[in-house]
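Trainee: fold the stuff below for me.
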Amino acid sequence: MKLRKGRKAAFAAAGHISPDYYVQDGVIPRSQLAYVLKEIEALSERSGYRIANVFHAGDGNLHPLVLYDRSVEGALEAVEEVGGEILKLCVKVGGTISGEHGIGTDKRCYMPNLFSTADLDTMQWVRDCFNPKGLANPGKIFPTPRTCGEAARAKVELQQQVEGVELF
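Mentor: Numbering: from 1, shown residues only. Purely as a prediction, here's the structure:
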């Protein structure tokens with residue numbers, strides 16, 4: 001019971017050692033835990049950002065907290081990049097980019113690291129069958145465009161598309 005309480009308090013504890021944190025959610029094979037934690041430590045050293053590792057190792061879910069100060073210009077963008085490197089590491093060792101919290105706008109650009117173009121096109125086709133007007137969570141899950149660098153432009157284009165859709 002004390003271990004569970006300790007894990008539940010980890011996020012609040014991070015607030016005592018850093019003004020802000022960026023949390024990531026990835027999954028790895030349990031056999032890769034030691035390797036991945038060493039790689040995250042190396043990433044922390046390279047990036048200059050401390051990373052607190054919170055996880056439930058029994059099912060391979062990782063929730064690294066990249067500690068930073070949002071008042072420092074460019075810090076959020078930098079820690080988002082660190083978070084992306086963690087997701088790529090998860091895929092590299094045979095894991096995935098989400099275990100519990102799904103794929104939203106911040107992770108969709110990492111989908112091509114996990115799935116082929118044909119896979120993504122097929123998933124989008126199925127989604128479109130059930131959501132022909134694109135009203136259910138527009139812009140989430142599938143990378144449009146397929147790279148992270150183009151995300152800002154895609155957001156503007158998506159907003160323009162959503163504004164042009166009649167709801168009823």
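
Trainee: out of the helices and strands in this protein, which is least certain?
Mentor: None of the helices or strands of the chain scores lower by mean pLDDT, DSSP states H and E than helix 151-163, at a mean of 53.

Trainee: pLDDT of the longest helix along the chain, averaged?
Mentor: Secondary structure of the chain per DSSP state H: the longest helix is helix 75-92. Across helix 75-92, the average pLDDT comes to 96.

Trainee: my read: residue 110 touches residue 96, true?
Mentor: No: Residue 110 lies out of contact with residue 96 (Cβ atoms under 8 Å); the separation is 9.8 Å. For glycine as for every other residue, the C-beta is placed from the backbone atoms N, C-alpha and C.

Trainee: between these two, which one's more packed in?
Mentor: The residue with more neighbours, out of residue 110 and residue 96, is residue 110; 22 against 17, by other Cβ atoms under 10 Å.

Trainee: let me see the ranges of the helices in this protein.
Mentor: Assigned by DSSP H, the helices in the chain fall at 2-8, 10-17, 33-47, 75-92, 117-130, 151-163.

Trainee: the residue most central in space within the chain and residue 91, how far apart?
Mentor: Most central in the chain under Cα atoms, centre = their mean is residue 107, positioned 4.3 Å from the mean C-alpha point. Distance from residue 107 to residue 91, counting by Cβ to Cβ, to the nearest Å: 11 Å.

Trainee: again with residue 10
Mentor: 24 Å.

Trainee: in terms of neighbours, single out the busier of the two.
Mentor: Looking at residue 10 and residue 91 with other Cβ under 10 Å, you find the greater number of neighbours at residue 91, namely 17 against 14.

Trainee: which residue packs closest to the more buried one, ignoring adjacent ones?
Mentor: Distance criterion Cβ to Cβ, 6 or more residues apart in numbering; nearest residue to residue 91, sequence neighbours excluded, is residue 113 at 4.8 Å.

Trainee: the longest strand belonging to the chain versus helix 10-17: what angle between them?
Mentor: Secondary structure of the chain per DSSP state E: the longest strand is strand 61-68. If you take axes from the mean of the first three to the mean of the last three Cα atoms, to 10 degrees, strand 61-68 sits at 10 degrees to helix 10-17.
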